[in-house]
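J.: Generate a structure from the sequence data that follows.
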Amino acid sequence: MANNLLKNPSGEEQLDFWELTENGGSQWKVEDMPGDCGHDFCLDGVTKYFVTSFELCLKRQVIDLLAEDFSGEQLDAQPPVTVEDWYCGRTDCGCTYQMSASLLDENQEVIQEFKPDHVTLDPDFEDCSWKQIKHTFSDYGPGLRFITFEHGGQDTKFWDGWFGVRVTGSSVTIEV
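T.: Now for the predicted structure:
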C-alpha cells in the first residue's frame, strides 16, 4: 500500500502542515469524533476532524515529490496518483463542501486538475453522514513534480461558531 503524502490528514496535529488559504468566520478548528450533532466515522484510527465556519474556510498542502524521494524517472512513467477525502455535515445545519487536486510540473504549472462540483448537504432532506470522494489521475504525461490538495467549505445558515462541513482522512498516494 502506498504511503499517504499528506501530512496531518485528520487533525491529530491541529492545523500543522496546512496552509490556510481561506480562514473566514470563526476560522478552522479541530474537533474530536463524533462531535456535536455529528456522525460516527467508518475508518479505525481516525479520531479527529477539521471543521469549517460560517464564512469560507479552505486549506491546502503542496507536495514536492522530489523532496518525498520520488525520482524524475519514476514520475515521468506516469504512475497512478489517487486523491481521496472524507466529508460530512451536522444533523442541525447545512453546509457546502469543495475540494480540488492538481498535478503540477517543475514550474508549478497545472498538468491535470480534479475539481468536482461543490456539494451542498442539507440535513432536512438528506443523510449528512461521512461520504468519500476519490479520484485517480492517469495518462497525464511526463513532468509531474508537485501535487496540490485543497478542501473546505462553510455552513449554509451563517451561524457563529463551527457548523460548517467537516473533513478528515484525506490522502494523496502514488503507486510506483
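J.: End to end on stretch 21-34, go ahead and measure it.
T.: 26 Å (C-alpha to C-alpha, to the nearest Å).
J.: If you count neighbours, what's buried in it?
T.: The neighbour-count check on stretch 21-34 (16 or more other C-beta atoms under 10 Å) flags 22, 23, 24, 25, 26, 28, 29, 30, 31, 33, 34 as buried. For the C-beta atoms, the positions are set from N, CA and C on the backbone; glycine is no exception.
J.: Excluding sequence neighbours, find me the nearest residue to residue 23.
T.: residue 57 (6.0 Å; C-beta to C-beta, 6 or more residues apart in numbering).
J.: quick one: the closest residue to residue 156 other than its chain neighbours from residue 88, how far?
T.: Of all residues not flanking residue 156 in the chain, residue 94 sits nearest, at 3.8 Å (C-beta to C-beta, 6+ apart). Per C-beta to C-beta, to the nearest Å, residue 94 is found 12 Å from residue 88.
J.: and if you look at residue 39?
T.: Counting by C-beta to C-beta - residue 39 and residue 88 are separated by 5 Å.
J.: What is the neighbour count of the residue nearest to residue 104 when sequence neighbours are not counted?
T.: Of all residues not flanking residue 104 in the chain, residue 146 sits nearest, at 4.0 Å (C-beta to C-beta, 6+ apart). For residue 146, the neighbour count with other C-beta atoms under 10 Å is 19.
J.: With residue 136 instead?
T.: The number of residues packed near residue 136 is 12, by other C-beta under 10 Å.
J.: State the helix or strand in which it lies.
T.: If you go by DSSP states H and E, residue 136 is part of strand 131-137.
J.: Can you pull out the residues in contact with that strand?
T.: For strand 131-137, contacts defined as C-beta atoms under 8 Å, 6 or more residues apart in numbering pick out 80-88, 99, 101, 103, 112, 114, 116.
J.: strands paired with it, and their directions?
T.: Next to strand 131-137 in the sheet, as set by DSSP bridges, lie strand 81-88 (antiparallel).
J.: Can you name the element that comes right after the partner strand?
T.: Counting by DSSP H and E, the next helix or strand C-terminal to strand 81-88 is strand 95-104.
J.: pLDDT of that next one, averaged?
T.: Strand 95-104 comes out with an average pLDDT of 98.
J.: Output that strand as PDB, nothing but the C-alphas.
T.: In PDB, the C-alpha atoms belonging to strand 95-104 read as follows (Å, rounded to 0.1, in the frame of the first residue of the first chain):
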ATOM      1  CA  CYS A  95     -23.100  23.100   4.700                       C
ATOM      2  CA  THR A  96     -21.100  23.300   1.500                       C
ATOM      3  CA  TYR A  97     -18.000  21.200   0.600                       C
ATOM      4  CA  GLN A  98     -15.400  21.700  -2.100                       C
ATOM      5  CA  MET A  99     -12.100  20.100  -3.000                       C
ATOM      6  CA  SER A 100      -9.600  20.200  -5.700                       C
ATOM      7  CA  ALA A 101      -6.300  18.500  -6.500                       C
ATOM      8  CA  SER A 102      -3.800  19.400  -9.200                       C
ATOM      9  CA  LEU A 103      -0.800  17.700 -10.700                       C
ATOM     10  CA  LEU A 104       1.900  20.300 -11.300                       C
END
